[in-house]
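# mind folding the following:
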Amino acid sequence: MGTIWQPSLSQDQGPKYKAVVSSILTGIDSGTLREGDKLPPVRELAWTLRITPGTVARAYTMLTENGTLLAEVGRGTFVASRKPLSEPVGPIEIDVIAHRSQDLDDHFNVNMFSPHLPSAGQAGLIKKLLGQIAQDPPSGVMHYPSRSGAHLARKAVVRWLTGTPLGAFDEDDVVLSHGGQNGLMLAFQTILQGRKPAVLIEELSYPGFRRAAELLRADVVPLAMDADGVIPEAFEEAARSHDAQVFCTSPEVHNPTGCFTPVARREELVRIARQYDIQIVEDDCYRMRVERAPTYRMLAPERGWYISSLAKTLTPALRIGFAIAPEGRTPDLRRVAEYNCFGLATPLIDLCARLLSDPQIDVMAENTRKAFNKYVQSAVNILGGYDVAWRPDVPFLWLSLPVGWRAGAFCQAAEAQGVQVRSAEEFVCRDARAPHAVRLAVNAGVSIDSYEAAILRLRQLLDSPPEQLRV
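All right, here's what the predicted structure looks like:
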């Protein structure tokens, strides 16, 4: 354990996480635990005390948040140099610590709905750049945004996309959007025409495809898939049967399964799209700047639309996205964007230009990818033996549930254990049957110990499906 500290909860009353906090603080107060002493790993202490790892993780998080303990990635948890928050220690003082630990519930109740990025330095950089822009905004604050005024931001996007296999393009082809979803909506508004067009989507797909199509009163047609993505025969049948104008897909990182569409399959889908004159809209927001295959814009430059954003690599807070139209369609896309909102706010344009041009930003993005990978590997190790689809460069996992569990029931049980996950039902059309599966997004906004404790709680649920659902 690294110390002679021998915790005991036998005399403590009330919630067990408070008893663990009290035991640690008592050890510090008595001198048994001294500055720099290493505490036991979460799972080891949980086994010693015969309690759940989540309970220990909650106690460690409380004391880390108030400065009593110090958590170091890859090394462990240590007694910090500062004194405990208050002394003597008792139930009232522990309650005070709980109230002062603002993010306690966020750390214990781990949200895995959407990826939560770690801060690899980008938070500090964004704050610094915002301060500079506030003092001297290059685009000013008293006039409408203009395309010429966004030149540096669009040029910075081109730099950011260096290496992405997009085919020929430059800053004049970049249209800034309020995040990836807005970029998708702009592409739909540019493409769709007629009274009842159809949008083709993967049978399991990002819900934003369906929602954008429905807002524009388009029919949504799901396409059957296999391990490589949309099945060409299903695509061709839908193209013949509907007024299909758009095919939406995420071939690089399929959301929610994480699968990858090989080049040969992409080329076959392009052949069908050309035969039936269907535009291809590619959502590439989950690519962690790792190039594996050409985009549809490169494979089919006359009909490939590219959508991406900074939400999964730097931060979702800024809502900075970008859309790139096929060859010859940039003026149409630009006009739709200007008719929608005239453009991004000028301070946001200035921030985009400076952020994506900063020499540190590539390292920060790479460190974010590495941090996500660490959390993914940890989750895979804990869930070993279950059917989990994952990739080291993708910030979520797709978990097929064992016999006895249904997605809705599992999500409810997980939430009761403080873990929020997404059911497969959210990724299918309303009248479609969903597989018994859930998506687990990586939450790197909490400590690795808290994340592992949450995954362990899910593992315990998987190990013990409810009897009434057994088949």
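
# chain center to stretch 240-257, what's the gap?
Computed by Cα atoms, centre = their mean, to the nearest Å, the chain-centroid distance of stretch 240-257 equals 21 Å.

# an error on my part: the question was meant for stretch 424-437.
Centre-to-centre, stretch 424-437 and its host chain are 20 Å apart (Cα atoms, centre = their mean).

# run through who's touching that stretch.
Residues from elsewhere that reach stretch 424-437, judged by Cβ atoms under 8 Å, 6 or more residues apart in numbering: 203-207, 210, 220, 222, 255-256, 398-401, 405-408, 423, 438-439. Where C-beta positions appear, they are placed from N, C-alpha and C, glycine not excepted.

# in helices only, show me the residues you listed.
P207, R210, A407, G408 (DSSP state H).

# mind giving me the domain split of this protein?
16-107, 122-359, 362-469 (automatic domain parsing).

# and the ones you listed: which comes nearest L9?
Nearest to L9 among the domains of the chain is domain 16-107; the distance by Cβ to Cβ comes to 4.5 Å.

# returning to that earlier point: quick one: closest of the domains of the chain to F113.
That would be domain 362-469 among these, by Cβ to Cβ, at 5.4 Å.

# centre of the chain to that closest one, how far?
12 Å.

# list the buried residues for stretch 156-163?
A156, V157, V158, W160, L161 (16 or more other Cβ atoms under 10 Å).

# re earlier: can you select the buried ones among the ones in helices among the contacts of stretch 424-437 for me in ChimeraX?
For anyone working in ChimeraX, the buried entries among these, judged by 16+ other Cβ under 10 Å, can be selected with:
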select :207,210,407
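
# only whichever of the contacts of stretch 424-437 are buried, select them in PyMOL.
Here is the PyMOL selection string for the buried members of the contacts of stretch 424-437, based on 16+ other Cβ under 10 Å:
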select buried, resi 203+204+205+206+207+210+220+222+255+256+398+399+400+401+405+406+407+423+438+439
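
# give me the subset of the contacts of stretch 424-437 lying in strands.
V220, P222, W398, L399, S400, S423, V438, R439 (DSSP state E).

# low-confidence bits of the protein, can you list those?
1-4, 10-13, 73-74, 82-108, 467-471 (pLDDT under 70).

# ok, the spatially most central residue of the chain - contacts?
Nearest to the mean C-alpha position of the chain, by Cα atoms, centre = their mean, lies P115 at 2.2 Å. Contact analysis of P115 by Cβ under 8 Å, 6+ apart lists K312, F372, P395, F396, A441, V442, N443, A444.

# same list (those residues) but as a markdown table, adding secondary structure and distance to C429.
Compiled in a markdown table, the contacts of P115 are given as follows (DSSP: H, G, I helix; E, B strand; the rest coil; distance: Cβ to Cβ, whole Å):
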| residue | secondary structure | distance to C429 |
| --- | --- | --- |
| K312 | coil | 24 |
| F372 | helix | 29 |
| P395 | coil | 25 |
| F396 | strand | 21 |
| A441 | strand | 22 |
| V442 | coil | 27 |
| N443 | strand | 28 |
| A444 | coil | 31 |
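
# next step: the buried residues of stretch 156-163 restricted to helices.
Short answer: the buried residues of stretch 156-163 in helices (DSSP H) are A156, V157, V158, W160.

# CSV for these, including distance to I126?
As requested, those are exported to CSV (distance: Cβ to Cβ, whole Å):
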residue, distance to I126
A156, 14
V157, 16
V158, 21
W160, 15
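
# L223 reaches F235, doesn't it?
Yes: using Cβ atoms under 8 Å, L223 is in contact with F235, at 5.7 Å.

# hey, what's in contact with both of these two?
Common neighbours of L223 and F235, counting by Cβ under 8 Å, 6+ apart, are L200.
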